[in-house]
Each structure stands twice: as C-alpha cells, then as structure tokens.
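1. predicted coordinates and the sequence they were generated for:
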Amino acid sequence: MTRTYKPAACYELVRLSDGVVLGRIRRGVYQATGETPCNVQPYSGTVCQIDERYAIKLRSAGVLGYLDGLQVVTDHGECLQLRQIPRPWNWESLDDPDAYRAFRDVARVLLETGRPDIKRLDLKVAAAPFDTCPACNDHYGFAEGCVECAGRGFVPEVVAPA
Ligand SMILES: [Zn+2]
C-alpha cells in the first residue's frame, strides 16, 4: 500500500543518501532545518498542488521538489523522503477512535447516497490522525478479525516512539 501525503499531518523531510533531516512540514507549511522563523521569513515554503501533483514550493526560489507518494524528487533528480512524525499533542483533531469511526461511517453513508453537502465532514475525517489499516485495507471481508486494527479498519497514523 503506497502511503500518500496528508495535508493535516506532520512530516520530516529526509535526504535518503545520508539520513539528514532537511526540514519539517506541519500542516502544509515547510520549515527548513536551521532557518529560524522570523517576521520577514516566517517559513521556508508550502506544500501546494501544481498540475494536480503536490509540490514543496519555496518562498525564495521555485519548487524544491514534487511528491510521489511520500517521496520527493527534486529538479536535480535527488530522492528525498517524507517521514511522518507525531502531531503536537495540543493540536485539535478528531483523535478519538470511536468518534472518528462514527464520523467516517456517516461520511460514507452520505457519499453513497449522493449527498452533495459532505465536503466539511469529509475534510474533518481526512484531517483526523488515522490511516487505513495496512493489513486489511479496511476491506469489509477482512477487517473483522484483523489483529492489526482490532476490526476497526484504521490505525493511528504514527505510533509515537515508546
Ligand atoms: Zn485491519
């Protein structure tokens, strides 16, 4: 299962060749390592969509790279990787699994019945810190009895290091 970029989540941008962390992305805002935010330069760049692809767009000069899943390929052909990190504890999000499931199920029903007004609900569900279970892929037939997600069909997006 290819993991995709989630605008509401947090990532480190890692250079694969030497493991150096080049920067962090929090809710679509890119901050390069070593660049201190100030009034003139409060952030290094943003993650935005260009030609239907996500790209890290720098404030200073052009595009750092385009996303392919969680991989970032720069103009020079260098391979960088987004590594998801836990969100700050004080961020407000739909982090209760039972509430998340309820919202998700309601969103699905509304979608299946062709309701046009689910955009906000959909956004709320998409912004929650959960991912589809990698073991059962939230498949109706497999989720039940799945050890990975305890039958829920989803798992926490990042498990904080113990
Ligand atoms: Zn599962």
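-> Alright, I've got the coordinates. Residues are numbered from 1 along each chain as shown.
2. contact residues of this protein facing the ion?
-> Proximity of the chain to the ion, by C-beta under 5 Å from the ion, involves residues 133, 135-136, 146, 148-149. For the C-beta atoms, the positions are set from N, CA and C on the backbone; glycine is no exception.
3. mark which of those residues are buried, thanks.
-> The neighbour-count test (16 or more other C-beta atoms under 10 Å) marks 133, 135-136, 146, 149 as buried among the residues of the chain next to the ion.
4. need these in JSON lines with secondary structure, can you?
-> JSON lines is the format used below for those (DSSP: H, G, I helix; E, B strand; the rest coil):
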{"residue": "C133", "secondary structure": "coil"}
{"residue": "A135", "secondary structure": "coil"}
{"residue": "C136", "secondary structure": "coil"}
{"residue": "C146", "secondary structure": "coil"}
{"residue": "C149", "secondary structure": "coil"}
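5. okay, buried residues for the longest helix seen in the chain please.
-> If you go by DSSP state H, the chain has its longest helix at helix 97-112. Using 16+ other C-beta under 10 Å as the test for burial, helix 97-112 gives 97, 100-101, 103-104, 107.
6. likewise for stretch 53-69?
-> For stretch 53-69, a neighbour-count test (16+ other C-beta under 10 Å) marks 54-58, 64-67 as buried.
7. tell me the one of the residues you listed nearest V125?
-> For the buried residues of stretch 53-69, the closest approach to V125 (C-beta to C-beta) belongs to Y54, at 19.4 Å.
8. for the closest one, phi and psi?
-> phi -80, psi 140 (degrees, to the nearest 10).
9. and R53, by the same measure?
-> Torsion angles at R53 (phi, psi; degrees, to the nearest 10) stand at phi -120, psi 150.
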